[in-house]
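In: Pasting the sequence and the predicted coordinates here, then a few questions.
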Number of protein chains: 4
Amino acid sequence: MKQETINRIRKFSEDRDWDQFHSPANIAKSIVIEAAELLECFQWDDNEYDIGHVREELADVIVYCQNMLDKLGLDADEIVNMKMAQNEEKYPVEKAKGSAAKYDQL
Amino acid sequence: MKQETINRIRKFSEDRDWDQFHSPANIAKSIVIEAAELLECFQWDDNEYDIGHVREELADVIVYCQNMLDKLGLDADEIVNMKMAQNEEKYPVEKAKGSAAKYDQL
Amino acid sequence: MKQETINRIRKFSEDRDWDQFHSPANIAKSIVIEAAELLECFQWDDNEYDIGHVREELADVIVYCQNMLDKLGLDADEIVNMKMAQNEEKYPVEKAKGSAAKYDQL
Amino acid sequence: MKQETINRIRKFSEDRDWDQFHSPANIAKSIVIEAAELLECFQWDDNEYDIGHVREELADVIVYCQNMLDKLGLDADEIVNMKMAQNEEKYPVEKAKGSAAKYDQL
């Protein structure tokens, strides 16, 4: 996201004095709660979904992920690149191509 | 995230021909699954957590969020700004300051 | 479940002195975590699943639900009947038959 | 639960012709969704919760667990006893007593 968007997320919590509620554990709960609301868009049908609703719920997940990064002083690029390096090793192209199997079953 | 990091996420799936598994519904399931693994870091204790594990699981959530954005052709800044505008209206500073109450109970 | 099964669940925690970890909030986290592991059985395919794995993860969810009932002194029959009465009212047969719509959209 | 309660759950779905929506994958999604609503009762505070709300959300989780058992022809006592036997082996009393560590770290 752009720095401007990240700043808006931060200012929103600061203005409301919400840092006191944003323990890492509470943010982790919040990410699951919003992720489940996103899943609810697909509860009974995988293909018919309300894109407006999906946009809102996905945004909620992303906002709480940013809250978690901020709370723990983490950098999104750093942790994602670290994880992608792991994933690239766990799922070698020649084994994983076209397969949905978990790495320990490849 | 930087464009370079986003490109790495995209290339990872493309190289493995995984787009076939990445229906919006399956990605929504995956976001919840990874969010629950993140929550597991705080399952029995809110304050003692393995930061290395938290970094990995948070990265997984962020990667699947990017997969969802890509799958649906959404822009993170656009949907987050749209949602923050809603949040700012639902939680006016003078009412929400210092309160964890839901907007319909403010 | 039979009283004998419920007793086995209770004895398991008592023998290990785990009541100290079983706050309602921690059990709620645990139910979500196990529910997400159950969902993982269906992550990439709705129809091909490992029934042995499904049995285990569903059992985990049920065990933590029993832990929650015990912790809060609730009776499964009582709360389920209370909720079914609500559901029967919210989803009248003539409106809800054959429809997956939420009650506020019927 | 009593057979009468289980029958009420079954009749509710049958009367509404909802079996068509109750694929195992959709029920798994529903269990996570309701489990996350239960967790929402504890989102910002582990100790202050609305017991009426907790009762409702826990009931929802239990109802969907029963739907899953029915859909797959499983018996709650059988799968729970099978899982408890595993748990008893994975968490020997002498090692696990008073510890919240996962079995692979005992």
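Out: Sure, I can see it.
In: what's the host helix or strand of residue A:32 in contact with?
Out: Secondary-structure element containing residue A:32, defined by DSSP states H and E: helix A:24-40. If you take Cβ atoms under 8 Å, 6 or more residues apart in numbering or on different chains as the criterion, helix A:24-40 is touched by A:54, A:57-58, A:60-61, A:64-65, A:67-68, A:71-72, B:28-29, B:31-32, B:35-36, B:38-39, B:41-42, B:46-47, B:49, B:54, B:61, C:29, C:32, C:36, D:29, D:32-33, D:35-37, D:39-40, D:42-44. Backbone N, C-alpha and C define where each C-beta goes, glycine included.
In: I'd assumed residue A:10 was in contact with residue A:70.
Out: Yes: under the contact definition of Cβ atoms under 8 Å, residue A:70 touches residue A:10, with a separation of 6.3 Å.
In: Burial check on the residue in chain A that chain D sits nearest to, number of neighbours?
Out: For chain A, the nearest residue to chain D under the criterion Cβ to the nearest Cβ is residue A:36, separated by 3.3 Å. Other residues near residue A:36 number 30, with proximity taken as other Cβ atoms under 10 Å in any protein chain shown.
In: Which element is encountered next along the chain beyond the helix holding residue A:32?
Out: As assigned by DSSP H and E, the chain's next helix or strand after helix A:24-40 is helix A:51-72.
In: what sits against residue A:11?
Out: Contact partners of residue A:11, counting by Cβ under 8 Å, 6+ apart, are absent.
In: Which helix or strand contains it?
Out: Counting by DSSP H and E, the element that carries residue A:11 is helix A:3-16.
In: can you pull the buried residues of that helix?
Out: Neighbour-count burial for helix A:3-16 flags A:5-6, A:8-9, A:12-13, A:16 (criterion: 16 or more other Cβ atoms under 10 Å in any protein chain shown).
In: Contacting chain B as well, which ones from the residues you listed?
Out: Of the entries in the buried residues of helix A:3-16, those that also sit close to chain B under the rule Cβ under 8 Å from any Cβ of the partner chain are A:5, A:8-9, A:12, A:16.
In: Between all of the residues you listed, which two are separated the most?
Out: The most widely separated members of those are A:5 and A:16, with 17.7 Å between them, by Cβ to Cβ.
In: ok, and the helix or strand in chain A with the lowest average confidence?
Out: Using mean pLDDT, DSSP states H and E, the weakest-scoring helix or strand in chain A turns out to be helix A:93-96, at a mean of 94.
In: now what about it, what contacts it?
Out: Here helix A:93-96 has contacts from A:103, A:106, B:15-16, B:18, using Cβ under 8 Å, 6+ apart.
In: give me that answer again for 6 Å
Out: Contacts with helix A:93-96, where a contact means Cβ atoms under 6 Å, 6 or more residues apart in numbering or on different chains, come from A:106, B:15-16.
In: and it, C-alpha only, in CSV?
Out: Output of helix A:93-96 as CSV, limited to C-alpha atoms (Å, rounded to 0.1, in the frame of the first residue of the first chain):
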residue,chain,number,x,y,z
VAL,A,93,8.6,-25.9,-9.4
GLU,A,94,9.4,-29.3,-10.8
LYS,A,95,7.5,-31.1,-8.0
ALA,A,96,4.7,-28.6,-7.2
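In: can you pull the pLDDT of residue A:102?
Out: Here the pLDDT value assigned to residue A:102 is 89.
In: what's around it, how many residues?
Out: For residue A:102, the tally of surrounding residues (other Cβ under 10 Å) stands at 13.
In: Likewise for residue A:87?
Out: Counted with other Cβ under 10 Å, residues neighbouring residue A:87 total 19.
In: Just give the closest residue to it, not the sequence neighbours.
Out: The shortest distance from residue A:87 to any non-neighbouring residue, by Cβ to Cβ, 6 or more residues apart in numbering or on different chains, is to residue B:12 (6.4 Å).
In: Per-residue pLDDT of that neighbour, please?
Out: Predicted confidence (pLDDT) for residue B:12: 97.
In: Next one: it from residue B:43, what distance?
Out: Residue B:12 is 29 Å from residue B:43, where distance means Cβ to Cβ, to the nearest Å.
In: Also residue A:8?
Out: The span separating residue A:8 from residue B:43 equals 32 Å under the rule Cβ to Cβ.
In: again, but for residue A:89
Out: Shown here: residue A:89 relative to residue B:43, a distance of 27 Å by Cβ to Cβ.
In: Pick out whichever of these two has more residues nearby.
Out: In this view residue A:89 and residue B:43 are compared by other Cβ under 10 Å, and residue B:43 has more residues nearby, 20 against 9.
In: Roughly how far does the more buried one sit from chain C?
Out: 5 Å (Cβ to the nearest Cβ, to the nearest Å).
In: What's the local residue count around the nearest residue to that residue once chain neighbours are set aside?
Out: In space, and not counting its chain neighbours, residue B:43 is closest to residue C:29: 5.4 Å by Cβ to Cβ, 6+ apart. Summarising burial for residue C:29: neighbours were counted as other Cβ under 10 Å, giving 28.
In: what's the answer for residue A:96, then?
Out: Around residue A:96 there are 21 other residues, counting by other Cβ under 10 Å.
In: With the one 3 residues further on instead?
Out: When neighbours are defined as other Cβ under 10 Å, residue A:99 has 15 of them.
In: next one: residue A:31
Out: Using other Cβ under 10 Å, residue A:31 has 29 other residues around it.
In: ok, now residue A:44?
Out: The local packing of residue A:44 (other Cβ under 10 Å) involves 18 other residues.
In: what does the one 5 residues further on give?
Out: Other residues near residue A:49 come to 18 when the count uses other Cβ under 10 Å.
In: Identify the spatial nearest neighbour of it, chain neighbours not counted.
Out: Closest residue in space to residue A:49, ignoring its immediate chain neighbours: residue A:41 at 4.8 Å, by Cβ to Cβ, 6+ apart.
In: Look at that neighbour and report its pLDDT.
Out: Residue A:41 carries a pLDDT value of 98.
In: Repeat that for residue A:30.
Out: Looking at residue A:30, its pLDDT stands at 98.
In: circling back to that earlier point, isn't the residue nearest to residue A:49 up against residue A:55?
Out: No: in this structure residue A:41 lies outside contact range of residue A:55 using Cβ atoms under 6 Å: 9.7 Å.
In: The residue lying farthest from the centre of chain A and residue B:63, how far apart?
Out: Of all residues in chain A, the one whose C-alpha sits farthest from the chain's mean C-alpha position, using Cα atoms, centre = their mean, is residue A:94 at 28.1 Å. Per Cβ to Cβ, residue A:94 is found 22 Å from residue B:63.
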